[in-house]
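In: quick one, structure for this:
(one chain, ligands or ions: 1)
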Amino acid sequence: MGASEPSSRRRLTGKVVIATHNPGKLKEMQHLLGPYGVEAVSAGELGLAEPDETGTMFAENAAIKAHAAARATGLPAFADDSGIVVHALDGAPGLFSARWGGPSKDFAAAMARVKRELDERGVPAEQRTAHFVSALVIAWPDGHEELFEGRVHGALVHPPRGAQGFGYDPMFRPDGHERTFGEMSADEKHGLPPLGSALSHRARAFVALADACLKR
Ligand code: IMP
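Out: Model prediction:
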């Protein structure tokens, strides 16, 4: 697997499947795709099964999800695999970010676990840093794919602050900002032009994708 050379980039038009069953990510992707006139349907709405995420990297898992949805529907499919990488926890929860929420997707508990593990290791406040990663893949039914990655670095705060966004947003304060992602509106979290420059990991990956594959 690998990203194609820019010269062979393929453009996305018409209808696209958003290969996610995560309502938080679906909402963000629809928001991001909004201005490009692409009609987005979700894997959840189409009743597609969720493939096992067996990859060892974010990009691999995104590709597994995108190719499975493209094959099942005959449409181009768009998938994101993402997570939070806590530096003092050797990169955990990382690929397992969703799984730390457990079957009930309890991210208050997952954030409490991050804090507990940092406490157990005696990590001082200034070393409580992390980054979010988003790998975005568009796959076409013929097997072609395009890959884009975005990251955002920041500090972990406790107690978590704010009720916006999803997942680990309330405990993540991006560098250069006072407020956590949980305290920001979707527009602020993404920071997309013309409002600013891309801020969230997903928005950064999305801007690269939009430049290469979408037409305004
Ligand atoms: P997956 O990509 O579906 O495997 O899930 C990634 C998990 O990482 C999500 O369930 C969230 O817990 C976390 N995550 C990914 N992106 C974000 C974000 O933008 N804010 C907060 N948590 C996120």
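
In: how about low-confidence regions in this protein?
Out: Along the chain, the model assigns pLDDT under 70 to residues 1-8, 193-196, 216.

In: interface residues of it facing the ligand?
Out: Proximity of the chain to the ligand is confined to 22, 81-84, 97-98, 101, 107, 132, 165-169, 181, 200, 202 under the rule C-beta under 6 Å from any ligand atom. Backbone N, C-alpha and C define where each C-beta goes, glycine included.

In: now with 8 Å?
Out: 20, 22, 24-25, 28, 53, 58, 61-62, 80-84, 93, 95, 97-101, 105, 107, 110, 132, 134, 165-169, 172, 181, 189, 200-202 (C-beta under 8 Å from any ligand atom).

In: which residues touch the nearest residue to K15 once chain neighbours are set aside?
Out: Residue nearest to K15 in three dimensions, not counting chain neighbours: E39, with 4.6 Å by C-beta to C-beta, 6 or more residues apart in numbering. If a contact means C-beta atoms under 8 Å, 6 or more residues apart in numbering, then E39 has 14-16 as its contacts.

In: can you tell me which of those are buried?
Out: V16 (16 or more other C-beta atoms under 10 Å).

In: list just the nearest of the contacts of E39 to the ligand.
Out: Taking C-beta to the nearest ligand atom as the measure, V16 is the one of these closest to the ligand, at 17.8 Å.

In: follow-up on the earlier one: quick check: the residue nearest to K15 vs P76, distance?
Out: 11 Å (C-beta to C-beta, to the nearest Å).

In: quick one, strands of this structure?
Out: All strands of the chain, identified by DSSP state E, fall at 15-18, 39-42, 77-86, 129-139, 145-156, 172-174.

In: most packed of those?
Out: Comparing those by mean neighbour count (mean count of other C-beta atoms under 10 Å), strand 77-86 comes out on top with a mean of 26.
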